[in-house]
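Chemist: show me how the following folds:
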Amino acid sequence: MKLFQKLAIATSLVLGLATLTTKSASAAIINYAFNVDSSTAKGNGLFSFDDSTFSNDNIPVAPVQSLSFKFDNDPNIYTAKDDVEYPDYPVAFPTVSLADNAPIGLLYSFLDKANPDKSYEIAGTLFSVSSETSDSGIVSYRQVPEPSTLGSTFLLGTIGLFIKKKVRSIKNIKA
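Modeler: Next up, the predicted model:
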């Protein structure tokens, strides 16, 4: 009987935490990781934006709140302030045509810190370098889970292991 009481308490606790997480994430900061892959440059980065700030345009955009990008084997780190049209850009936009089925794309243009005559542009899934053809590479995106989501997953896993251990010990006692 005590096992069922503990199970009911644990279930109500998990459901309560899931409800709180859902409410707080309805208009929240969304984090994405992205990878650039071209014949001349490869790199990866992170960006975040507030999904409640999308404009009411035909193609809605939201200002990027933070951005960090680094090419492989290059000590320079590029941020949102490096965009040539900062503070109006970079922006995130919703799309259904991105690689990896990601619903978000990035518009970001920046100059090479070592060679300012060279520029780079990320436009959704396309990456281009000023000295190359317009479609010189691809960009892939993936959403980065929120820490609260990871915490909830860990909590559920721990509760599941606890219940499994209790059931196993009850079976051992009966046997």
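Chemist: show me what the host helix or strand of Asn44 is packed up against.
Modeler: Using DSSP states H and E, Asn44 sits in strand 42-50. Secondary-structure packing of strand 42-50 (3 or more Cβ pairs under 8 Å, 6 or more residues apart in numbering; DSSP states H and E): strand 29-38, strand 62-71, strand 91-94. In this view, the C-beta of every residue, glycine as well, is placed from N, C-alpha and C.
Chemist: mind listing the strands that strand pairs with, and their directions?
Modeler: strand 29-38 (antiparallel), strand 62-71 (antiparallel) (DSSP bridges).
Chemist: picking that back up, just send the helices and strands packed on strand 42-50 back as JSON lines, with mean neighbour count, distance to Pro145 and mean pLDDT too.
Modeler: Below are the helices and strands packed on strand 42-50 laid out as JSON lines (neighbours: other Cβ atoms under 10 Å; distance: least, Cβ to Cβ, whole Å; pLDDT from 0 to 100):
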{"stretch": "strand 29-38", "mean neighbour count": "18", "distance to Pro145": "8", "mean pLDDT": "94"}
{"stretch": "strand 62-71", "mean neighbour count": "18", "distance to Pro145": "17", "mean pLDDT": "96"}
{"stretch": "strand 91-94", "mean neighbour count": "21", "distance to Pro145": "17", "mean pLDDT": "93"}
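Chemist: redo the ones you listed as JSON lines? Include distance to Asn44.
Modeler: Output for those, formatted as JSON lines (distance: least, Cβ to Cβ, whole Å):
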{"stretch": "strand 29-38", "distance to Asn44": "5"}
{"stretch": "strand 62-71", "distance to Asn44": "7"}
{"stretch": "strand 91-94", "distance to Asn44": "17"}
